[in-house]
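> Pasting a predicted model and its sequence here:
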Amino acid sequence: MNMSLDRNFFNQIGLDSAALTMLGTITHTFREAGEYRGVVRRTTGPEAAFYISADKNSSVAQVNIDLATLAHGTGGEPKCGCSAAQNRFVVHPKGYVLFHVSGGQGGYSVHVRKAEEDPNVKIFDSRELQEGDVFSAVILRPGTYSVTNLLTKAKGEITVSYPTVGKRPYRPPGPLVVECTAKAIESGKVKLQPGQGLNFQLKVPSRIKIELLKPDDGPKRPRETEIGGWKKTTLESD
């Protein structure tokens, strides 16, 4: 079986809730029943349109919307709650809509409004998340990061520890939950284990940006090189 990995998954370091990549997701509940029209956007402009039916008669509690698939016009067989042919998704009004990116460089945002536009009804814009939304992030590279809510100016710090080799297979712990209020990003300093996720529960309008301050390339260890039968030991960083 041939398997290929998207190099963007490993090359992406910073995260921005207004420009989703494979390392970030947004969860939103529409609450009000009705028909909605969404548009996938990048910095270059609109990429694709889709529709969401918030139907009280639906038993679907969660629907996952892949922005990369919509933008590139690809799909496959529809799964529960969606129609690949029409870019249409169905979910209960109290259910969750999860926006994610399956591949590529990313940089996506989402606008959703009622299908019959009403200027008095506020749209959902992922560039300005609202109370009740959740931004989930996975930070792969070990190091120290700054985290900022660009709308409230609240700041925090995230440390991702360097992995260590143990006797048992490593499994990342469950995601940490951080609450974002008008004045603070709860806990101030967050420590993550390798591969551990982070969920930002938003209590105020938010745009979360995570930037690398200082990478952690692990402990220095000796490296042996052999020259003419003699071994030379030097110290280097991984």
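Received it, and whenever you're ready, just let me know what you need. Keep in mind it's a predicted model, so treat the numbers as computed, not measured.

> could you give the mean pLDDT of stretch 26-35?
Computed over stretch 26-35, the mean pLDDT rounds to 94.

> Burial check on the closest residue to Gly143 other than its chain neighbours, number of neighbours?
Sequence neighbours aside, Pro215 is the residue nearest to Gly143 in space, at 4.1 Å (criterion: CB to CB, 6 or more residues apart in numbering). Heads up, the C-betas are built off the backbone N, CA and C, glycines and all. When neighbours are counted by other CB atoms under 10 Å, Pro215 registers 14.

> before we move on, what about Tyr162?
Neighbourhood size, Tyr162 [other CB under 10 Å]: 14.

> can you check Pro142 too?
16.

> mind listing the helices in this protein by residue range?
8-11, 67-72 (DSSP state H).

> Just give me the lowest mean pLDDT stretch among those helices.
Comparing mean pLDDT across the helices of the chain, the lowest value falls on helix 8-11: a mean of 58.

> Return the distance of Val178 relative to Ser146.
14 Å (CB to CB, to the nearest Å).

> These two - which one has more neighbours?
More crowded of Val178 and Ser146, by other CB under 10 Å: Val178, with 22 against 15.

> Surely that one is in contact with Ala184?
No - if you go by CB atoms under 8 Å, Val178 and Ala184 don't touch, sitting 10.0 Å apart.

> joint contacts of those two?
Gly156 (CB atoms under 8 Å, 6 or more residues apart in numbering).

> which residues does the residue nearest to Gly143 contact?
By CB under 8 Å, 6+ apart, the neighbours of Pro215 are Arg141, Pro142, Gly143.

> Make CSV out of these and add pLDDT.
Shown next, in CSV, are these (pLDDT from 0 to 100):
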residue, pLDDT
Arg141, 93
Pro142, 94
Gly143, 95
